[in-house]
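Trainee: Provided below for reference: sequence and predicted model.
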Amino acid sequence: MFCEDDPMIRKLVQTALRSTTHDVHIAEDGKRGLALIEKVRPDVVFSDVAMPEMDGFELADAMRARPDLAHIPIVFMTASVQREQIDECFRHGAAGHLAKPFTMAELRARVAQFSKN
């Protein structure tokens, strides 16, 4: 499951994971992402931090507040490599961090790390 507002990154995700066995679900923002998470119950959520409607931190906090969603790991994707931003990701319950820009191989490796299938 991916929450990403940038159409180019959404296309990269679809391209990178097309040949894998993973079910890929993509939402354009955190609000739509939360609704999709409730519906599909993904193995992992990859979320951009800066998004309209509901940012990645708000999404993570909403998931952590729900016992039925709190167990789903979240990997934040952000262009910021500043220690403060990365620390903020982990304060919001991140299971990992993926720095943008990332390669298709990096994305596939991180998805495989958290995938159950």
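Mentor: Alright, I've got the coordinates.
Trainee: Check the protein and tell me which residue is nearest its centre.
Mentor: F46 (1.2 Å; Cα atoms, centre = their mean).
Trainee: Show me what the helix or strand where it lies pairs with in its sheet, parallel or antiparallel.
Mentor: In the assignment (DSSP states H and E), F46 maps to strand 45-48. Strand 45-48 pairs in its sheet with strand 2-3 (parallel), strand 74-78 (parallel), by DSSP bridges.
Trainee: Report the mean per-residue pLDDT for that strand.
Mentor: Throughout strand 45-48, pLDDT has a mean value of 96.
Trainee: go on, stretch 68-80?
Mentor: 93.
Trainee: In it, which residues are buried?
Mentor: Buried positions in stretch 68-80, judged by neighbour count with 16 or more other Cβ atoms under 10 Å: L69, I72, P73, I74, V75, F76, M77, T78, S80. Yep, even glycine has a C-beta here, placed from its N, CA and C like the rest.
Trainee: which one of those residues is nearest M8?
Mentor: For the buried residues of stretch 68-80, the closest approach to M8 (Cβ to Cβ) belongs to M77, at 12.8 Å.
Trainee: Now do stretch 84-104: distance from first to last residue.
Mentor: This stretch, stretch 84-104, spans 26 Å end to end (Cα to Cα, to the nearest Å).
Trainee: Outside of stretch 20-39 itself, which residues are in contact with it?
Mentor: Stretch 20-39 is contacted by residues 1-5, 10, 13-14, 17, 40, 42, 45, 47, 51-56, 58-59, 62-63, 69, 72, 108, 111, 115, 117 when judged by Cβ atoms under 8 Å, 6 or more residues apart in numbering.
Trainee: make that stretch 99-116, sorry
Mentor: Under the criterion Cβ under 8 Å, 6+ apart, residues 9, 12-13, 15-17, 20, 22, 43-44, 46, 73, 75, 77-79, 81, 95-96, 98 lie in contact with stretch 99-116.
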